[in-house]
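*Asks:* Return a 3D structure for these sequence lines:
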Amino acid sequence: MQLALAETLDKYDDPTAQALAMDAAFGEHIAPFYADQAAIDVDRLATLRHAVLGGPPPPPPVAAAWVTYAELRSAAPWDAEVFRAYCRIMGALGRPDEVYRVRELVVR
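*Replies:* Residues are numbered from 1 along each chain as shown. The predicted model follows:
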């Protein structure tokens, strides 16, 4: 995002144009990570509500064509490829929606 900010400030003098360019950069670079974290939080809260407050159990995991953050986190200590994918997410080097759908990770 620092590079996007520097490029935006170089390219636009108008504050409105700067704001619109940064909004577009945010949507492209930051929003996917926010959405992923929000989904992770929903799952974790459902688990906590069930365990602590006796709420309904969270739905069981569904077999899918992609992996989840929890699956990456669990497998990362045991598999080098999964560890690298986990680091891509944690370092914001790869968008979650792209990393989670890497076929090799799903198979592993």
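*Asks:* Could you use CA atoms for every contact and neighbour count after this?
*Replies:* Fine.
*Asks:* Helices of this structure, residue ranges please.
*Replies:* 2-11, 15-29, 31-53, 69-75, 80-90, 96-99, 103-107 (DSSP state H).
*Asks:* Buried residues of the third one, list them for me.
*Replies:* By 16 or more other C-alpha atoms under 10 Å, the buried positions in helix 31-53 come out as P32, F33, D36, T47.
*Asks:* Then the shortest one?
*Replies:* Buried residues in helix 96-99, defined by neighbour count with 16+ other C-alpha under 10 Å: P96, D97, V99.
*Asks:* can I assume the second one is in contact with P32?
*Replies:* Yes. D97 sits in contact with P32 when judged by C-alpha atoms under 8 Å, with a separation of 7.4 Å.
*Asks:* Could you find the closest non-adjacent residue to L9?
*Replies:* Distances taken as C-alpha to C-alpha, 6 or more residues apart in numbering place Q18 nearest to L9, at 6.7 Å, with adjacent residues excluded.
*Asks:* who are the neighbours in contact with the one you found?
*Replies:* When contacts are counted by C-alpha atoms under 8 Å, 6 or more residues apart in numbering, Q18 touches T8, L9, Y12.
*Asks:* Which single one of those residues is nearest to A76?
*Replies:* A76 has its nearest neighbour among the contacts of Q18 in T8, at 36.7 Å by C-alpha to C-alpha.
*Asks:* quick one: the closest one and A21 touch, right?
*Replies:* Yes. Between T8 and A21 a contact is recorded at 6.5 Å, counting by C-alpha under 8 Å.
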